[in-house]
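Trainee: Structure for this input, please:
(chains A and B)
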Amino acid sequence: MAKEIFDVIATTLWMALGIFAIFALYLAVSGLCYLVWRMISKGRTASGGYTSLKTVTFGDESAVLANRTASVAAVITLFVLWAIATGSSLLPFGLPAPFVGDTSFEYTAQNAAGDSAKAKVFVRVHHADDKGQKKQDVSGMASDGFAQNDSIILPERRSKIIKVQSNDTGGTEDGYRVTHVNGQPIVAEQLLELGDVDVFMTKKGSLSVRPVTGMTMEALYLPPPEKVWSRFVKLNKEGYLGVGLWENVFWSLIRVVVGFFLGCLFGIPLGFAMGLNSWLRGWFEPIVEFMRPVPPLALIPLIIIWFGIGEQGKISLLFLAALWIMTIAARSGVSGVNISKVHAAYSLGASKWQLLTKVILPNSLPEIFTGARVAMGVCWGTVVAAELVAAEKGAGKMIIAASKFQLTDIVIIGIIIIGIIGYGIDVLMRIAENRLVPWKGRG
Amino acid sequence: MSGFEINNISMTFALPNGGKVEALKNINLNIKEGELLSVLGPSGCGKTTLLNILAGFLAQTEGAMTLNGAPVEGPSSERGMVFQQGALFEWMTVAKNIGFGPKMKGTPQAEINAKVDELLSIVGLQDFGEKMIYELSGGMQQRVALARCLANDPDVILMDEPLGALDALTREKMQSLVLDIWKKTGKTIILITHSVEEALLLGERLLVMAPRPGRVHKEYALPFAELGVGADLREIKQHAEFAPTRDEILNMIWNMEDEIMGRTEDA
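Mentor: Numbering: from 1, shown residues only, chains lettered A, B, ... in the order given. As a prediction, the model looks like this:
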């Protein structure tokens, strides 16, 4: 236990260090871009608005407007860093790439009789996704003494053991061993760096060949941008596992919209009831207060047990995700009504129903909209998670299926689309809010 | 029987700690139809409680009220209310706010429109009917509040510090407007205020209330409201009786406040 905790702390410290390093790098780029921007924008006049005349901006949040140049530069920087780290072909420069191509090295072997002989190993390294390659044919080549030439083929970044003795005369006898590689002496568990490949001698005396890996990331972990883009184009055309890309996204969206709509349909009246009637408030409060902190994701197993993995389960889950948020939003909308508005409406002759529809409902719209934005965000996150667990279609389903086949590019496409759509939903909700509740914050 | 009769109203409520508060004790008032009554008193003297009881938002624990002979219970459109601030409906235009009362009663739209236009010109907001509430200044908003209350043609208008949140200049203009409206419409108006000058200017009759328990301490009959209709209120303040009455009431309230502070320190 104590050791585990210690491990966690150590890992955290290492992570903090790593995050700090990455962040410092990103910030340094930001600083450079800022200097460049300052030089370019020098001499250009500012917009001339009221805010531009403020001299105190450090501390006056309202005077701090987002610099859009910085936003664009930040996104571009992110892509450039991505391209650099993955050795993208889009960039004219980059980090050292892993070795790909043909190379060879020479080994010297000693047989049981104590004689030495030399032979070559022809190494062919191919790209990870280029599976049609064959290894070089060495059968017709002359060799020297009892050692015979060998050839090996392997994908970039992988290592492979080659048993050079297997075709050598007397290679299976006890006294046989490899003594030198490229003229350098080698013993068991020693690594020799030969430039294009590293050769390592295993405990048993076999040679393990590993081409140099360079400094870029492997596509399995992070594919370069152009690869993701071409996968995106292909997905657009063909879909993945028989389901179109946008069909997946569409299904996720439909679930969110239906679940959210159901949540509003029941949550808002429930919230109003709780805000208007002490019996109903007392009746529902324990349930609402209990369900509110339960993350919808924790309900997934139960929902699957109850409803299976079909649409009914998904929509029930999203309904539950939206329901409590909307209930609480509507309830606080009612409690947020200024009591003088209510008094005014009654003394102007309004009935209870008129008060509800003409005063309480419009007055709680700002709160309801805030709740709706939160609920939409939660629903979107929940649907993706639910699809990760089990679904036939959907953005989350696409990601999880692709991850099982190590198709990192599809996973990344999915994440980007999920992010963009989540952001789009929020923007739409904000636009709707500004249209429908123009008096918000100006009461 | 016309007028607003308030007979022996008391209000006592229990505190969570077991104590009791006598917010009002034995209030007796007979407000004639068309009377302009102002109520003044230190904080905590129960004037807002009294107004809420008159409006029907709170229940008295003892006593009864009749308006034009009929017993008063709960809120009703015959007792209109003008609040200090924040009682307008921000999601409606000025015209819709003013027309709210008639609309709730199911008055035909054409009639409502005519009424709204008339009231807009009375309160001096002819061109603002289609504006939203949040586009108006504080003074204009109170004009809307007045017009909205008048649209219902109530028998009594209850005003809870309607001008309390306005700046001094706007406040003076609004005081003239209240007097004008009182004269033009002949409504009974009960106005609660913190400002002694306002209470003097806007009260044919002035009640000074005292705290603990909330009760009527002194009553004045004043000529200033009648004089002030259509006149410059600054001239009214030069009236020979104005300054002495004001100082007398101010002293009275000062003493009450001192007494409250003293009691609090004792406790």
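
Trainee: Going by C-alpha atoms from here, please, whenever you check contacts or count neighbours.
Mentor: Noted.

Trainee: Tell me the pLDDT of the residue of the stretch 251-400 of chain A at minimum distance from chain B.
Mentor: Residue nearest to chain B within the stretch 251-400 of chain A: residue A:341 (4.2 Å; C-alpha to the nearest C-alpha). For residue A:341, the pLDDT comes out at 90.

Trainee: and it, what is it in contact with?
Mentor: A:359, B:86, B:87, B:88, B:89 (C-alpha atoms under 8 Å, 6 or more residues apart in numbering or on different chains).

Trainee: Which of the three states applies to the third one?
Mentor: In other words, residue B:87. Following DSSP: H, G, I helix; E, B strand; the rest coil, the label given to residue B:87 is coil.

Trainee: surely it meets residue A:340?
Mentor: Yes. Using C-alpha atoms under 8 Å, residue B:87 is in contact with residue A:340, at 5.0 Å.

Trainee: Neighbour count: the two, which is higher?
Mentor: More neighbours surround residue B:87 than the other of residue B:87 and residue A:340, with 22 against 17 (other C-alpha atoms under 10 Å in any protein chain shown).

Trainee: List the contacts of the nearest residue to residue B:141 once chain neighbours are set aside.
Mentor: In this structure, residue B:141 finds its nearest non-sequential neighbour in residue B:133, 6.9 Å apart by C-alpha to C-alpha, 6 or more residues apart in numbering or on different chains. Taking C-alpha under 8 Å, 6+ apart as the contact definition, residue B:133 lies against B:88, B:89, B:90, B:91, B:92, B:93, B:94, B:141.

Trainee: Could you check the pLDDT of residue B:133?
Mentor: At residue B:133, pLDDT is 87.

Trainee: In stretch B:180-199, which residues are buried?
Mentor: Buried residues in stretch B:180-199, counted by 16 or more other C-alpha atoms under 10 Å in any protein chain shown: B:180-183, B:187-199.

Trainee: Same check on stretch B:224-244?
Mentor: So for stretch B:224-244, counting by 16+ other C-alpha under 10 Å, buried means B:224, B:225, B:226, B:227, B:228, B:229, B:233, B:236, B:237, B:242.

Trainee: Check chain B for the residue nearest chain A and tell me.
Mentor: residue B:87 (4.2 Å).

Trainee: how about the residues of chain B near chain A?
Mentor: Counting by C-alpha under 8 Å from any C-alpha of the partner chain, chain B comes close to chain A at B:55, B:57, B:75-83, B:86-91, B:100-101, B:104-105, B:134, B:149, B:152.

Trainee: Checking my notes, the residue of the stretch 251-400 of chain A closest to chain B in a helix, right?
Mentor: Yes. Counting by three-state DSSP, residue A:341 is part of a helix.

Trainee: ok so, going back, among the contacts of residue A:341, give me the pair with the biggest separation.
Mentor: Greatest spatial distance among the contacts of residue A:341 (C-alpha to C-alpha): A:359 and B:86, at 12.7 Å.

Trainee: What score does residue 105 have for pLDDT?
Mentor: All of this refers to chain A. Looking at residue A:105, the pLDDT reads 90.

Trainee: ah, no, chain B please
Mentor: In this prediction residue B:105 is given a pLDDT of 85.

Trainee: swap in residue A:221?
Mentor: pLDDT, residue A:221: 88.

Trainee: can you check residue A:370 too?
Mentor: Model confidence at residue A:370, expressed as pLDDT, equals 91.

Trainee: SS state for it?
Mentor: helix.

Trainee: again with residue A:62
Mentor: helix.

Trainee: separation between the spatially most central residue of chain B and residue B:172?
Mentor: Taking C-alpha atoms, centre = their mean as the criterion, residue B:159 is the residue nearest the geometric centre of chain B, at 2.0 Å. Distance, residue B:159 to residue B:172, using C-alpha to C-alpha, to the nearest Å: 16 Å.

Trainee: Give the bridge partners for residue B:9, please.
Mentor: Going by DSSP bridges, residue B:9 is paired in beta bridges with residue B:27.

Trainee: Run a quick neighbour tally on it.
Mentor: Counted with other C-alpha under 10 Å, residue B:9 comes out at 21.

Trainee: Distance of it relative to residue B:57?
Mentor: 15 Å.

Trainee: swap in residue A:235?
Mentor: Residue A:235 is 66 Å from residue B:57, by C-alpha to C-alpha.

Trainee: Verify the contact between residue A:385 and residue A:395 for me.
Mentor: No. If you go by C-alpha under 8 Å, residue A:385 and residue A:395 don't touch, sitting 9.7 Å apart.
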